[in-house]
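Asker: model this:
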Amino acid sequence: MSQEPEVLIDKRDGLGVITLNRPKAINALNHPMVLTITEALRAWADDPQVRTVVLTGAGERGLCAGGDIVAIHNDAKNAQQESGAVATGAESASGRFWRDEYILNALIGRFPKPYVAVMDGIVMGGGVGLSGHAGHRIVTERSMIGMPEVGIGFVPDVGGTYLLARTPGELGTHVALTTARMRAGDAIAAGFADYFIPSEHIPALLETLRSETADIAIAKFATAAPESELLAQRDWIDVCYSADTVEEIVDRLRTHGPQAETAATELLSKSPVSLKVTLRSLRSARAAGSLETVLNEEYRVSIATLGSHDLVEGIRAQVIDKDRNPQWSPPTLEAVTDAQVAAYFTELGGQELGLTAPSPEGQQ
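Answerer: As a prediction, the model looks like this:
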């Protein structure tokens, strides 16, 4: 029996539909899938037979649970070996995957036609990269969106720091450092999504997109979003997470009530190095002028993590052995030096990602 493709591509009635098709893995993203999606989008950008593009996921569990972190774990282990026969850094399988993935993220962010992302169910990590930069982002009552990277010794990527840095106040800093999950109302309040449509209406929406423009079709089914519990906590979130260091953030959290205290406990369970690198990444992304600039920096950071202890240990604890007891190194925030953090941002010379943003007059 032939196996179904991991990405289904369909073009009919002016609609190009991309369906992630690994439902047993919650449509986790791998390198061949990235290349397939990129090829389709590049072909459709200038195809007069495609008016609108839709991204959706097969199965009931979610759009996309993220990237294949077991493969990344194996690459990270190889990066720590001394054998010259092992491809490391930008030349590793993960390095090549990230390069093409981030190029795709930038392509989505600049796509010249309506790109509708149906963010139903679980949308994590790499799934945010496929959907969060879309022009029309739809969430449902089943949506659960997050950037869980610091929990596995990694750092938010796929343009995630660009989105996180542009949330109201410090909501994005809270989400990034605690790996808090966002429901539909939270995602819209934080700028990760645009419209709320009950999941039962998604099939009808997809059919309507074949005969109507994206704006008209979405307007027929969109309803008021649920209230955001995250937005309701902005008073203490903004005060606590506006600090310049992770240590100061923790100190403030411990003095701002039960919810903040819980956030401090959650934050302190994550990789100390990842927390500090993530905070610097967020502050840098806030000042960046384009998604491409942020992706270039994220690529440097991602490549640096391949040689880190915490990425191997974090994935081992959460996914491989599942003991949920990572032994971080250094083990505390205070033990992480400025030099260690700075090393993650070292330029890569001839191996830079090298994305450039189009000039304002060239944008569509």
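Asker: pLDDT below threshold where in the stretch 51-200 of the chain?
Answerer: Across the stretch 51-200 of the chain, residues meeting the criterion (pLDDT under 70) sit at 80-88.
Asker: Could you rerun that using 80?
Answerer: Counting by pLDDT under 80, the stretch 51-200 of the chain has low-confidence residues at 78-88.
Asker: All the helices of it, residue numbers only.
Answerer: Taking DSSP state H, counting those that start in this stretch as the test, the helices found in the stretch 51-200 of the chain are 69-79, 93-109, 126-131, 160-164, 171-178, 184-189.
Asker: Rebuild those as CSV, extending it with distance to Glu227 and mean neighbour count.
Answerer: Backbone N, C-alpha and C define where each C-beta goes, glycine included. CSV is the format used below for the helices of the stretch 51-200 of the chain (distance: least, Cβ to Cβ, whole Å; neighbours: other Cβ atoms under 10 Å):
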stretch, distance to Glu227, mean neighbour count
helix 69-79, 33, 20
helix 93-109, 29, 22
helix 126-131, 22, 29
helix 160-164, 21, 28
helix 171-178, 14, 28
helix 184-189, 5, 25
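Asker: For Leu348, find the nearest of those helices.
Answerer: With Cβ to Cβ as the measure, helix 93-109 is the member of these nearest Leu348 (9.6 Å).
Asker: Does anything pack onto the closest one? Which helices or strands?
Answerer: On a contact count with 3 or more Cβ pairs under 8 Å, 6 or more residues apart in numbering; DSSP states H and E, helix 93-109 meets helix 31-45, helix 69-79, helix 126-131, helix 291-305.
Asker: just how off-centre is the third one within its chain?
Answerer: Computed by Cα atoms, centre = their mean, to the nearest Å, the chain-centroid distance of helix 126-131 equals 5 Å.
Asker: what residues does that helix touch?
Answerer: Residues outside helix 126-131 that contact it (Cβ atoms under 8 Å, 6 or more residues apart in numbering): 20, 27-29, 37, 55, 62-67, 101-102, 104-105, 108, 117, 119, 123, 137, 145, 147, 157-160, 163, 192.
Asker: For stretch 32-39, list the C-alpha coordinates in CSV.
Answerer: What follows is stretch 32-39, C-alpha atoms only, in CSV (Å, rounded to 0.1, in the frame of the first residue of the first chain):
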residue,chain,number,x,y,z
PRO,A,32,10.8,17.4,3.0
MET,A,33,7.5,19.0,4.2
VAL,A,34,9.2,22.5,4.3
LEU,A,35,10.5,22.0,0.7
THR,A,36,7.1,20.9,-0.6
ILE,A,37,5.3,23.9,1.0
THR,A,38,7.9,26.3,-0.3
GLU,A,39,7.7,24.9,-3.9
